[in-house]
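> Model the following, please.
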Amino acid sequence: MPEAYIVDATRTPVGRRGGGFSDVHPADMAAHVISTLTERNPFDPAAIDDVILGCLDNIGAQAGDIARTAALAAGLPETVPGVTIDRQCGSAQQAVHFAAQGVMSGTADLIVAGGVQKMSQFPILSAFGAGAPYDSVDPWTGSTGWAERYGDEEISQFRGAELIAERWGITRADSEAFAYRSHRRALDAIAAGRFDREITPFAGIDTDEGPRADTTPEKMAGLKTLTPGGTLTAAAASQISDGAATLLIASESAVERFGFVPRARIHHMSVLGSDPVMMLTAPIPATQHALKKTGMTIDQIDVVEINEAFAPVVLAWLADIGADDARVNPNGGAIALGHPIGCTGARLMTSLLHELERTGGRYGLQTMCEGGGQANVTIIERLDA
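The predicted structure follows:
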């Protein structure tokens, strides 16, 4: 089967809600990382077959196929198309999958894949509220098929996280210890300059705004829970954020034609569904499925990036998969760095690639929980230059 290569990857810093990107148009955020790829790699932008971006809550400035808007805002030729996709929090990771699949099928040679989200302007689930004037308040109410299968079960990421904590016996103290570790790892990574190569400064911002040096276990312990009687507080949840990230995915033909030096190849891609009510557990069976399909063990994976939507998501995954904790989110995760939902899949992939290069690791695995009870898994293999 033809190979799909990662030629380059970059991201903006992740901006805090109301922070450095709050007055920036989301298409300009995405355009910035797109143009970074075209400016620092030797190829004719007209050769790009497609721009595939993840983005959720596609209303206002994020509506109208923001991938196409961003491609044009980046100065790409008008012949270059763009498409926006929604697989919830895994949208940008799915964008990379679609790009790689296009290349591996022989129907494309060069694709920009990634994602963008401006949560400062469009909070999560904004699209739900946008339907209210049309007598539609969520994706499920009024569906007879859904009601016959799931009744009137509450569908909420907060409930899902609490259900995971209950099933796996994860206490508030466990979650907050994990959250504190995420901040410390992220702060250490920033201090050591580990993100410098992957970040393209934008709008005067050159550093992730989320990690908090003043976070302490004592402060976390004083917060109110997100739900009455629950165990989780905002401290153990991913941060509301803004950001964009893109990768350049190329075929063997494009590598030869443009003289690219591939940095990694896509070793495996899969996606799996699970319980949509518990919602956030799919990374567990999805990882098991990916490892079985590739014949690999978790011990062969040098670096793991699993999205920290909530602390119990990662803690339950660690418990069932048995991964070495030191290899999992070694530079912190979304609890500290933030989770611009349509962008995060590409942010994780960009960080995964750079961490493999920094440490000399060979294989990296990425997974994340997604709305509807789904999870993508990507395994990449770093290539020696």
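
> Give me the below-cutoff pLDDT ranges for the protein.
Along the chain, the parts satisfying pLDDT under 70 run over 385.

> Any idea what the residue lying closest to Q300 once chain neighbours are set aside is bridged to?
Excluding its sequence neighbours, the residue lying closest to Q300 (Cβ to Cβ, 6 or more residues apart in numbering) is Y363, at 5.9 Å. Heads up, the C-betas are built off the backbone N, CA and C, glycines and all. Judged by DSSP bridges, the bridge partners of Y363 are E381.

> State the number of residues packed around Y363.
Residues contacting Y363 under the criterion other Cβ atoms under 10 Å number 19.

> now P81
P81 has 15 nearby residues by other Cβ under 10 Å.

> residues touching G18, list them.
G18 makes contacts with S120, as judged by Cβ atoms under 8 Å, 6 or more residues apart in numbering.

> do you know how far it is from I341?
As judged by Cβ to Cβ, to the nearest Å, G18 and I341 stand 17 Å apart.

> What segments of this protein are strands?
With strands called from DSSP state E, the chain shows them at 4-11, 15-16, 50-54, 82-85, 110-118, 241-251, 264-273, 303-306, 363-370, 374-382.

> okay, the ones you listed in a markdown table with distance to A147 next?
Converted to a markdown table, these look like this (distance: least, Cβ to Cβ, whole Å):
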| stretch | distance to A147 |
| --- | --- |
| strand 4-11 | 41 |
| strand 15-16 | 39 |
| strand 50-54 | 29 |
| strand 82-85 | 27 |
| strand 110-118 | 31 |
| strand 241-251 | 34 |
| strand 264-273 | 19 |
| strand 303-306 | 33 |
| strand 363-370 | 22 |
| strand 374-382 | 21 |
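
> And those: which comes nearest G64?
strand 82-85 (8.8 Å; Cβ to Cβ).

> counting contacts, what elements does that closest one pack onto?
strand 50-54, helix 66-73, helix 91-105 (3 or more Cβ pairs under 8 Å, 6 or more residues apart in numbering; DSSP states H and E).

> Can you list the strands that that strand pairs with?
Strand 82-85 sits in its sheet next to strand 50-54 (parallel), going by DSSP bridges.

> okay but G160 is in contact with M278, surely?
Yes - with contacts counted by Cβ atoms under 8 Å, G160 reaches M278, the gap being 5.2 Å.

> the more surrounded of these two?
With neighbours defined as other Cβ under 10 Å, G160 and M278 compare such that G160 has more, 25 against 17.

> re the thing from before, the residue nearest to Q300 is in contact with H267, isn't it?
Yes - here Y363 lies in contact with H267, judged by Cβ under 8 Å, at a distance of 6.9 Å.

> Overlap in contacts, the two.
In contact with both Y363 and H267: 379-381, using Cβ under 8 Å, 6+ apart.

> If you rank those by neighbours, which is first?
Most neighbours among the shared contacts of Y363 and H267, by other Cβ under 10 Å: I380, with 27 neighbours.

> give me the beta-bridge partners of G82?
V51.

> Between the two ends of stretch 95-114, how far is it?
6 Å (Cα to Cα, to the nearest Å).

> buried set for that stretch?
Within stretch 95-114, the residues that count as buried by 16 or more other Cβ atoms under 10 Å are 95-104, 108-114.

> ok, back up a step: any chance of a markdown table for the shared contacts of Y363 and H267, columns distance to A186?
Below are the shared contacts of Y363 and H267 laid out as a markdown table (distance: Cβ to Cβ, whole Å):
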| residue | distance to A186 |
| --- | --- |
| I379 | 24 |
| I380 | 22 |
| E381 | 26 |
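
> Of those residues, which is the nearest to D320?
Using Cβ to Cβ, the shared contacts of Y363 and H267 come closest to D320 at I379, 18.0 Å.

> Hmm, the closest one is touching G295, no?
No - I379 lies out of contact with G295 (Cβ under 8 Å); the separation is 11.4 Å.

> Dihedrals phi and psi, N41?
The phi/psi pair for N41 (degrees, to the nearest 10) reads phi -130, psi 140.

> actually C55, sorry about that
When quoted as degrees, to the nearest 10, the phi and psi of C55 stand at phi -170, psi 140.

> what's it in contact with, if anything?
Counting by Cβ under 8 Å, 6+ apart, C55 makes contact with 26, 62, 66-67, 84-86, 91, 115-117, 342.

> I'd like the distance between it and G243.
Going from C55 to G243 by Cβ to Cβ gives 11 Å.

> Same question for E166.
Using Cβ to Cβ, we find E166 at a distance of 32 Å from G243.

> repeat for I341
Going from I341 to G243 by Cβ to Cβ gives 10 Å.

> Do I have it right that A236 meets E176?
Yes - the criterion here is Cβ under 8 Å, and A236 meets it with E176 at 5.9 Å.
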